[in-house]
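Visitor: Provided below are the primary sequence and the corresponding predicted coordinates.
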Amino acid sequence: MKKLLQKGFTFVELLIVLGILAILIATVLLVINPAEAQRKARDAQRMKDLVTMQAIMDQAVSDGVFTVTAAWDSSQQAGSKACDGTGWLGFGQDFCKYIAVLPRDPQNVVSGKIAGVEGTGTACSNATTIDSKTLYYYAAYDVDSNSYEVNVRQESTSGCKNINNDGGDSNAFVEAGTAEGLDLIGDK
Ligand SMILES: [Ca+2]
Ligand SMILES: [Ca+2]
């Protein structure tokens, strides 16, 4: 019996093994960083949606479907994903022939603890988080120049670099569109 017990772990040995396991798990979590991985995944979706929104707007401008008579900003209407003109990217226009369901920010929150990141420079090394702001997609159409701008935020530190070098005037958005200087949407 004594021999058998000696072959097993002592309490101290068990503690050491558990300690090592805890360190290993903490290290793996630090490397994988599930929260940052989720932010990256949402950012990737946002970049995809930006291209989709550009395609919708390009087509709509090309087809001359806009009947609005004044500049229009959809940035505060991130609710419905309906394509029939009542959705957030509506401008009162029916976009159903271009897309069945409008893209919408994966988070789509009025005010989050972290609403995104912003920073300057190609590496965005000074990235800081944006607190207590809307985490929506934004769009604007200017009737005089028949041009538009669409914006998305980024949440992950690595996504921050997407907000620069896009030809726009904002260090808080990834901007795209046909408006000169992409200056139709101010910082939100
Ligand atoms: Ca930008
Ligand atoms: Ca802009």
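Guide: Everything's here; your move. Ligands and ions are numbered 1, 2, ... in the order given.

Visitor: what distance separates the helix or strand in which residue 29 is found from the centre of its chain?
Guide: Assigned by DSSP states H and E, residue 29 belongs to helix 11-32. Distance of helix 11-32 from the chain centroid (CA atoms, centre = their mean, to the nearest Å) equals 34 Å.

Visitor: tell me which other helices or strands that helix touches.
Guide: With contacts defined as 3 or more CB pairs under 8 Å, 6 or more residues apart in numbering; DSSP states H and E, there are no secondary structure elements packing on helix 11-32. All C-beta atoms are positioned from the backbone trio N, CA, C, and that covers glycine.

Visitor: the helix or strand following that helix vs helix 11-32, what angle?
Guide: Going down the chain from helix 11-32, the next helix or strand is helix 34-63, by DSSP H and E. Angle, helix 34-63 to helix 11-32, by axes from the mean of the first three to the mean of the last three CA atoms, to 10 degrees: 20 degrees.

Visitor: buried ones in helix 34-63?
Guide: Residues of helix 34-63 classed as buried by neighbour count (16 or more other CB atoms under 10 Å): 39-40, 42-43, 46, 49-50, 53-54, 56-57, 60-61.

Visitor: likewise stretch 81-100?
Guide: Buried residues in stretch 81-100 (16+ other CB under 10 Å): 82-83, 87-91, 93, 95, 98-99.

Visitor: average pLDDT across it?
Guide: Over the span of stretch 81-100, the pLDDT mean works out to 89.

Visitor: quote the end-to-end distance of it.
Guide: Start-to-end span of stretch 81-100 (CA to CA, to the nearest Å) is 9 Å.

Visitor: which residue, other than its chain neighbours, is closest to residue 179?
Guide: Spatially, and ignoring its direct neighbours in sequence, residue 179 is nearest to residue 147 (4.1 Å; CB to CB, 6 or more residues apart in numbering).
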